[in-house]
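S.K.: what's the 3D shape of this:
(chains A and B)
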Amino acid sequence: SQTIHQWPATLVQPVGSPLSLECTVEGTSNPNLYWYRQAAGRGLQLLFYSVGIGQISSEVPQNLSASRPQDRQFILSSKKLLLSDSGFYLCAWIQIDSPYNEQFFGPGTRLTVL
Amino acid sequence: AQSVTQLDSQVPVFEEAPVELRCNYSSSVSVYLFWYVQYPNQGLQLLLKYLSGSTLVKGINGFEAEFNKSQTSFHLRKPSVHISDTAEYFCAVSEPGTGGFKTIFGAGTRLFVKA
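M.R.: Below you'll find the predicted structure:
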């Protein structure tokens, strides 16, 4: 069966520090991968998606970047964190040949920038 | 462009009472519709989905939703809630054939079940 992992689960970082969040998927190949941010009291905002290794699309201009160095690995990064980067970050995947667009989510990373 | 509106940000309800969480959407094309549940500090889990066919969709944990094309709604219902149903619920729409790139989520409805 397929599983999706995210780490770390929680992170507290000072403003101006770098960031690296990792997401890995097991049990599938060539998934579409997504990074979402969930701010307090708000819905999910799609940040990045990827259809393959090295292929990243950004949905909103921001302080963050994403990379996909391996088929089932998706990394969210920042060189200098801002206070506004605080939130709950969710990684998700879709089976590439799924006709139904059903997304499977990881457990999330809670980021607090102080 | 698609949009999703969840009409209630918070819904308090007593245990064993029925509940309805409302979702309206707008789209110029046919869409898939989803309800996800998020327990505190966890990711989202799929409750149910509407792709085509019968407009009444049954999901996990006793939830069901009804697709109403004329009212562009997809309301979530449960006849008798439990304390364990306390969570945030998200309605989402997705355009077929887009690989999920055009999945739009509502802002969420926080369900509080009181004893």
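S.K.: count of residues packed around A:T10?
M.R.: 12 (other Cβ atoms under 10 Å in any protein chain shown). For glycine as for every other residue, the C-beta is placed from the backbone atoms N, C-alpha and C.
S.K.: Quick check: it vs chain B, distance?
M.R.: 9 Å (Cβ to the nearest Cβ, to the nearest Å).
S.K.: contacting residues for that residue?
M.R.: A:109-112 (Cβ atoms under 8 Å, 6 or more residues apart in numbering or on different chains).
S.K.: now B:E88, which residues is it bridged with?
M.R.: B:E88 has these beta-bridge partners by DSSP bridges: B:Q38, B:R110.
S.K.: same deal with B:Y32?
M.R.: Beta-bridge partners, per DSSP bridges, of B:Y32: B:S94.
S.K.: B:V13: which element?
M.R.: For B:V13, the host element (DSSP states H and E) is strand B:10-14.
S.K.: Do you know the pLDDT at the residue lying closest to A:L19 once chain neighbours are set aside?
M.R.: Leaving aside its chain neighbours, A:L19 sits nearest to A:S78 (4.0 Å; criterion: Cβ to Cβ, 6 or more residues apart in numbering or on different chains). As predicted, A:S78 sits at a pLDDT of 96.
S.K.: A:S78 - how many residues pack around it?
M.R.: Neighbours of A:S78 (other Cβ under 10 Å): 19.
S.K.: That one contacts A:V15, correct?
M.R.: No. The criterion here is Cβ atoms under 8 Å, and A:S78 misses it with A:V15 at 11.0 Å.
S.K.: just curious, which of the contacts of A:T10 is nearest to chain B?
M.R.: A:R110 (6.6 Å; Cβ to the nearest Cβ).
S.K.: From A:L111, how far out is the closest residue to B:S27 other than its chain neighbours?
M.R.: Nearest non-adjacent residue to B:S27, counting by Cβ to Cβ, 6+ apart: B:Q2, 4.4 Å away. The gap separating B:Q2 from A:L111 is 28 Å, by Cβ to Cβ, to the nearest Å.
S.K.: How about A:L111: which residues does it bridge to?
M.R.: Applying DSSP bridges, one finds that A:L111 bridges with A:L11, A:G87.
S.K.: Look up how far A:V12 lies from it.
M.R.: Per Cβ to Cβ, A:L111 is found 8 Å from A:V12.
S.K.: How about B:S94?
M.R.: Counting by Cβ to Cβ, the gap from B:S94 to A:V12 is 34 Å.
S.K.: Could you pull out the strands in the chain for me?
M.R.: Unless you meant another one, I'm taking chain A. In chain A, the strands defined using DSSP state E lie at A:3-7, A:10-13, A:19-26, A:32-38, A:44-52, A:55-58, A:65-70, A:73-78, A:87-94, A:104-105, A:109-113.
S.K.: meant chain B actually
M.R.: Under DSSP E, chain B gives strands at B:3-6, B:10-14, B:19-21, B:23-26, B:32-38, B:44-50, B:56-58, B:64-68, B:73-78, B:87-94, B:104-105, B:109-114.
S.K.: Thank you kindly, that will do.
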